[in-house]
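Chemist: compute the structure for the input listed below.
(one chain, ligands or ions: 3)
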Amino acid sequence: MTSTHLFFVLVTFFLNISITFSTQLRPGFYEQTCPKAEEIVKDVMLESMMRDRRSAASVMRLQFHDCFVNGCDASLLLDDTPNMLGEKLSLSNIDSLRSYEVVDEIKEALENFCPGVVSCADIIIMASRDAVTLSGGPNWEVKLGRKDSLTASQADSDKVMPSPRANATALIDLFSTFYLSIKDMVALSGSHSIGNGRCFSIIFRLYNQSGTGLPDPTIEPEFREKLDRLCPDGGDLEVIGNLDATPFKFDNQYFKDLVNGRGFLNSDQTLYSLDPRSREFVVQFSKDQGAFFAAFVEGMLKMGDIQSGRPGEIRRNCREVNAGSIEQGFVKSF
Ligand code: HEM
Ligand SMILES: *[C@@H]1O[C@H](CO)[C@@H](O)[C@H](O)[C@H]1NC(C)=O
Ligand SMILES: *[C@@H]1O[C@H](CO)[C@@H](O)[C@H](O)[C@H]1NC(C)=O
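Modeler: Ligands and ions are numbered 1, 2, ... in the order given. A predicted model of the protein is given here:
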């Protein structure tokens, strides 16, 4: 035990607050303490999808944006406070992430059944899995037992989250820093099998790719005409388009689209068009949905394992640190 750890344990003991460090994640973590947890999450996720089909995509995207920024700790869900700029307004998240209220609804339902037991970080993991399964994708057992962070950082999100302009080579490097392989990265990008993106995210590749003043030459011409009509130069950048041809169905259509030059985002299309190391997997997944599903599950499990090792708690409200927990300034001083 380091001296900071010891100090922390003593502080925790004397203030009688329940803050702990990262624990071993495992399936069935809530079997004794909240046996209905996974059923409740799935029910609320399904209700949400019946109101707004897109919410499946929007919720499952939260896992990526949470886990890549200081681990899967629900830091993403913290609202800004007067002394903390959170992640919701970071470059990749502002005007883009949605369906935070679905997580709130799940949390409320869980608090009714088993107050103070299920972390918001685990809710994101369970709901993401359910969103995929309920959209026709694979089902799998998730590992649970995460704690919720005591803080969040807009700057950390800006530093790590990739831009839609990113290319395959840069993404391979970024994902490798989280011990995610090229195969993991390509499979996880297959999450774009569901959901939408804004004209904001593709306008550069339609009219001025890499500052050339020209469109991205890898876009299939007929598809480019379609995108040009959706996103005219000087038009409304908030208009949305489909990330693949079947945006409500979790399947391998996304990879078939990439092989045909019909990827929506630059980051997607370059997986096929730019780097042979990622192309190999795009081609494989485009022909073999089973291989995609297996690799996707493995990638989601590995991404779900990312932890910061920082102290955490079970938040009562996913949007704010519990009252009585160590204040922001105090935690930062460790
Ligand atoms: C590989 C690097 C990635 C990049 C560069 C990227 C980028 C983006 C961008 C730019 C959008 C559209 C945002 C907008 O226009 O407002 C988007 C949407 C989405 N992303 Fe990614 N993403 C990546 C990986 C992932 C991963 C790993 C997941 C989940 C496992 C994911 C899940 C989603 C989903 C489901 C949507 C649609 C959300 C909705 O309809 O609300 N993405 N992504
Ligand atoms: C890919 O992105 C990296 C980082 O932005 C950049 O340095 C590189 O030139 C890009 N590669 C290509 C072929 O565009
Ligand atoms: C294209 O992008 C480059 C570099 O970002 C910029 O200098 C140029 O003015 C842009 N051209 C047009 C037509 O917007």
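Chemist: within range of ligand 1, give me the residues from the stretch 51-200 of the chain.
Modeler: Proximity of the stretch 51-200 of the chain to ligand 1 (Cβ under 6 Å from any ligand atom) is limited to residues 54, 57-58, 60-61, 63-64, 96, 98, 162, 164, 166, 171, 188-189, 191-192, 194-198, 200. Bear in mind the C-beta positions are built from the backbone N, C-alpha and C, glycine included.
Chemist: out of these, which are buried?
Modeler: 54, 57-58, 60-61, 63-64, 96, 98, 164, 166, 171, 188-189, 191-192, 194-198, 200 (16 or more other Cβ atoms under 10 Å).
Chemist: how does this structure divide up, domain by domain?
Modeler: 3-161+311-332, 168-302 (automatic domain parsing).
Chemist: burial measure for the closest residue to ligand 2 within the chain, as a count.
Modeler: In the chain, the residue that lies nearest ligand 2 is Asn167 (3.7 Å; Cβ to the nearest ligand atom). As a burial measure, Asn167 scores 19 neighbours (other Cβ atoms under 10 Å).
Chemist: show me the contacts for it.
Modeler: Asn266, Ser267, Thr270, Leu274, Asp275 (Cβ atoms under 8 Å, 6 or more residues apart in numbering).
Chemist: give me the pLDDT value at the first one.
Modeler: By that I understand Asn266. Model confidence at Asn266, given as pLDDT, is 98.
Chemist: just the residues of the stretch 51-200 of the chain next to ligand 1: which are in strands?
Modeler: Using DSSP state E, the members of these that fall in strands are Asn196, Gly197, Arg198.
Chemist: list the beta-bridge partners for the last one.
Modeler: The reference is to Arg198. Legend: beta-bridge partners of Arg198 under DSSP bridges are Ile240.
Chemist: next up, the contacts around it.
Modeler: Arg198 touches Asp95, Ser96, Leu237, Glu238, Val239, Ile240, Gly241, counting by Cβ under 8 Å, 6+ apart.
Chemist: can you say which of the residues you listed are buried?
Modeler: Buried subset of the contacts of Arg198 (neighbour count, 16+ other Cβ under 10 Å): Ser96, Ile240, Gly241.
Chemist: I'd like the residues you listed written out as TSV, with distance to Tyr207 and pLDDT added.
Modeler: As requested, the buried ones among the contacts of Arg198 are exported to TSV (distance: Cβ to Cβ, whole Å; pLDDT from 0 to 100):
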residue	distance to Tyr207	pLDDT
Ser96	21	98
Ile240	18	98
Gly241	15	98
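Chemist: dump those to TSV, plus distance to ligand 2.
Modeler: Below are the buried ones among the contacts of Arg198 laid out as TSV (distance: Cβ to the nearest ligand atom, whole Å):
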residue	distance to ligand 2
Ser96	20
Ile240	25
Gly241	23
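Chemist: which of those residues come close to ligand 3?
Modeler: Of those, not one also sits near ligand 3 (Cβ under 6 Å from any ligand atom).
Chemist: nearest to Ile182 among these?
Modeler: Ser96 (25.6 Å; Cβ to Cβ).
Chemist: ok, the residue nearest to the closest one when sequence neighbours are not counted to Gln209 distance?
Modeler: Closest residue to Ser96 apart from its sequence neighbours, by Cβ to Cβ, 6 or more residues apart in numbering: Arg198 at 7.1 Å. Distance check for Arg198 against Gln209: by Cβ to Cβ, to the nearest Å, it reads 17 Å.
Chemist: now Lys159
Modeler: Lys159 is 25 Å from Gln209, by Cβ to Cβ.
Chemist: quick one: which of these two has more around it?
Modeler: Between Lys159 and Gln209, counted using other Cβ under 10 Å, the more crowded position is Gln209 (17 against 11).
Chemist: report the secondary structure state of the closest residue to that one other than its chain neighbours.
Modeler: The shortest distance from Gln209 to any residue other than its chain neighbours is 4.1 Å, reached at Asp216 (Cβ to Cβ, 6+ apart). With DSSP: H, G, I helix; E, B strand; the rest coil as the basis, Asp216 sits in coil.
Chemist: same question for the one 3 residues further on.
Modeler: Under the three-state scheme (three-state DSSP), the conformation of Ile219 reads as coil.
Chemist: which residues touch it?
Modeler: Per Cβ under 8 Å, 6+ apart, neighbours of Ile219: Arg205, Leu206, Leu227, Gly261, Arg262, Gln269.
Chemist: could you redo the last one with a cut-off of 10 Å?
Modeler: Applying Cβ atoms under 10 Å, 6 or more residues apart in numbering to Ile219 gives the contacts 202, 205-206, 209, 225-228, 261-264, 266, 269, 273.
Chemist: with Glu320 instead?
Modeler: So Glu320 contacts Leu77, Leu78, Asp79, Thr81 (Cβ under 10 Å, 6+ apart).
Chemist: any idea which of those residues is closest to Ile106?
Modeler: Leu77 (11.3 Å).
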